[in-house]
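Visitor: Pasting a predicted model and its sequence here:
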Amino acid sequence: MQDQQQARRLPIGVIAGISTVIIAAGGGGAWWAWNSLQSSQVSPEPSPTEPIPTAPQSPQTQQPEAVEQSKGERVQVYWLNDLNNQIALAPSSVTLTSPETDEPSQIIEGAFNSLLAGPNDGSLTTTIPEGTKLRSISIKPDGVHVNLSEEFTTGGGTVSMMGRVAQVVYTASNVDPTAKVWIEVEGKPLEVLGGEGLEIAQPMTRESFNKDFQF
């Protein structure tokens, strides 16, 4: 009986070895099971998504730049003023806004329209009688012809007459300061101006006026 009990007992070393193997085997199985579970829970990589198409933006429309308005033709209109108790010519710059300012005759006509309208500056004056009208302006081979209405010959003394003649001669020679100027009244050459009989030599230039007349 005692021999059978001894035969059934296993040495402690053997039992410990077997336990180690079992534990190792169990641990390996647990590690494999854990890794399998973790790998099954890994989120799949998101598949690439196509970008959402957006409606094309219409290009901003640029406002057309404002067309610069024409500055027009600048001319000199000649007035009179009192300089040390003497009458003197006073040029004043005027911008013509009429679209027809390419021709010299149109330029001179625009200057005369401003002249006959009278000065805007209170310090300037004119001896051209009120109501004087421009009948026509023409440029011919012999000079500039200025045709005025009969009001041009009315009123005033000698100084007034010389003043208005100077205004006409200088304003008419805007385009060409050396131009010859012919003064006509109702289509006829002006030979004598005013009741005092101021003789007008035709044609006149700026130079000849300064020689023949003195304010």
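Guide: Here it is on my side, so go on.
Visitor: C-alpha only now, for contacts and for neighbours.
Guide: Fine.
Visitor: all strands of the protein, in order?
Guide: 73-83, 86-96, 134-140, 143-148, 181-185, 188-189, 192-193, 198-199 (DSSP state E).
Visitor: Excluding covalently adjacent residues, which one is nearest to Glu186?
Guide: Distances taken as Cα to Cα, 6 or more residues apart in numbering place Ser149 nearest to Glu186, at 5.3 Å, with adjacent residues excluded.
Visitor: From Val185, how far off is that neighbour?
Guide: Relative to Val185, Ser149 is positioned 6 Å away (Cα to Cα, to the nearest Å).
Visitor: Over to Glu109?
Guide: 16 Å.
Visitor: and what of Ser114?
Guide: 19 Å.
Visitor: Equivalent analysis for Gly194, please.
Guide: 13 Å.
Visitor: for Thr132, same thing?
Guide: Thr132 is 10 Å from Val185, by Cα to Cα.
Visitor: what's the overlap in contacts for the two?
Guide: 148-150, 152 (Cα atoms under 8 Å, 6 or more residues apart in numbering).
Visitor: mind listing what Ala166 touches?
Guide: Contacts of Ala166 (Cα under 8 Å, 6+ apart): 89, 209.
Visitor: Can you give me the distance of it to Ser160?
Guide: For Ala166, the distance to Ser160 - Cα to Cα - is 10 Å.
Visitor: now the helices for the protein?
Guide: Using DSSP state H, the helices of the chain run over residues 2-8, 12-41, 104-117, 158-172, 206-212.
Visitor: hmm, who's touching the third one?
Guide: Outside helix 104-117, the residues that touch it by Cα under 8 Å, 6+ apart are 73, 75-79, 94, 96, 98, 100-101, 128, 130, 132-134, 136-139, 171-175.
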